[in-house]
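Engineer: I need the structure of the sequence given here:
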Amino acid sequence: MVANVVVGKVGEKVITEVAKSFFDYLKTKEQERTKREAIIAKRDVLTAEINAKKELLSEIFKGIFDERQNTINKLFDVLDKGIEKGDSDLIDKSLSGILTIIQTSPFANFKEFDAKMKDKNFVLDLDD
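Structural biologist: Model (predicted):
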């Protein structure tokens, strides 16, 4: 009879510990699920921000390179006219303009631009 009481108390304690461990597991499982959902949500927000910045930079660089191309093409037209007319001043100015554009990197001010993009108060106006 004493053996049954001892086993009963041990069994009760084991069942209590198993139940406690099970409920701790369920609580931890829910906490980890919530953490994963938060991580996924943050990932989605950051991915959207990166894609928006990528699109913005793509548009900006497209505009910069289109502008450079148009300017260089116009300067070559001026160079051709200078050559046709034998106008050395026109030739010199058009070549100087072409060289200035070629020697100037479109990425020269990128650090400044990047710093402004990180500023939450900076507003980029693309309509100008």
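
Engineer: Output the below-cut-off pLDDT ranges for the protein.
Structural biologist: 1-8, 124-128 (pLDDT under 70).

Engineer: for it, longest helix please?
Structural biologist: Scanning the chain for the helix with the most residues, using DSSP state H, yields helix 2-85.

Engineer: measure the residue nearest in space to the middle of the chain to Leu57 for me?
Structural biologist: Central residue check for the chain by CA atoms, centre = their mean: the C-alpha nearest the mean position is that of Ile50, 2.6 Å away. According to CB to CB, to the nearest Å, Ile50 and Leu57 sit 10 Å apart. Yep, even glycine has a C-beta here, placed from its N, CA and C like the rest.

Engineer: helices or strands up against the longest helix of the chain?
Structural biologist: Applying 3 or more CB pairs under 8 Å, 6 or more residues apart in numbering; DSSP states H and E, we find helix 2-85 packed against helix 88-103.

Engineer: Buried residues of the helix it packs on, list them for me.
Structural biologist: Leu90, Ile91, Ser94, Gly97, Ile98 (16 or more other CB atoms under 10 Å).
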